[in-house]
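Build me a model from this:
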Amino acid sequence: MLHIKLITVGNLKEAYLRAAVAEYEKRLGAYARVEIVERKEARVSENPSQAEIDAALEREADDILAQIPKRATVVALCVEGKQLSSEELADTLADVMRESGELCLVIGSSHGLSPRVKQAANLRLSVSRLTFPHQLMRVLLLETLYRSLSILHGSRYHK
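The predicted model follows:
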């Protein structure tokens, strides 16, 4: 069974987002073992300089990189990443299942991800050219994973 580890910076505050995440975790349970790890967002001032943001991203990177399993295929969600269709993501997941069986996805803070985390990734993924709040991205990503795994398993969910 596929092991999916989702590392996120920041935690969900809104009950409706927590409920949506719980629903997709439950659905994904038919296809994968899902582990969500929330890490603290590094604090910055109200109007941070780019240098302050960069330093915060580096502190977050140390924490993120320490959480990544050694054998995992790492996917960093970032705006400049590659966009895949649900079918293409399903193919990618099939490759991961054949190779290591371990997938680690990383969602950064509202400031993004450190270049070190992006460089450590096997794939940089963008869910859309649109900008979404990073908390909502967790729900979108879990739904996308569920849809792609449903495709692999021949479910009617994907239309």
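
Only C-alpha atoms from now on, for both contacts and neighbour counts.
OK.

Can you name the residues that contact the closest residue to Lys40 other than its chain neighbours?
Computed as Cα to Cα, 6 or more residues apart in numbering, the closest residue to Lys40 that is not its neighbour in sequence is Gly10, at 5.3 Å. Gly10 is in contact with 38-41, 109, 135, counting by Cα atoms under 8 Å, 6 or more residues apart in numbering.

Mark which of these are part of helices, please.
If you go by DSSP state H, the contacts of Gly10 have Gln135 in helices.

which of the contacts of Gly10 count as buried?
Among the contacts of Gly10, the ones that count as buried by 16 or more other Cα atoms under 10 Å are 39, 41, 109, 135.

ok, the residues you listed vs Ala56, which is closest?
Nearest to Ala56, judged by Cα to Cα, of those is Glu41 at 8.1 Å.

looking at it, that closest one is touching Ser109, isn't it?
Yes: contact status for Glu41 versus Ser109: in contact at 6.3 Å, counting by Cα atoms under 8 Å.

Can you give the distance of the longest strand along the chain from its chain's centre?
Secondary structure assigned by DSSP state E gives strand 73-82 as the longest strand of the chain. Averaged C-alpha coordinates place strand 73-82 at 8 Å from its chain's average position (Cα atoms, centre = their mean, to the nearest Å).

That one: which residues count as buried?
By neighbour count on 16+ other Cα under 10 Å, the buried set for strand 73-82 is 73-79, 81.

can you pull out the strands in this structure?
2-9, 32-39, 73-82, 102-107, 123-125.

Rebuild these as JSON lines, extending it with distance to Tyr146 and mean pLDDT.
Shown next, in JSON lines, are these (distance: least, Cα to Cα, whole Å; pLDDT from 0 to 100):
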{"stretch": "strand 2-9", "distance to Tyr146": "11", "mean pLDDT": "98"}
{"stretch": "strand 32-39", "distance to Tyr146": "9", "mean pLDDT": "98"}
{"stretch": "strand 73-82", "distance to Tyr146": "16", "mean pLDDT": "96"}
{"stretch": "strand 102-107", "distance to Tyr146": "14", "mean pLDDT": "98"}
{"stretch": "strand 123-125", "distance to Tyr146": "16", "mean pLDDT": "98"}
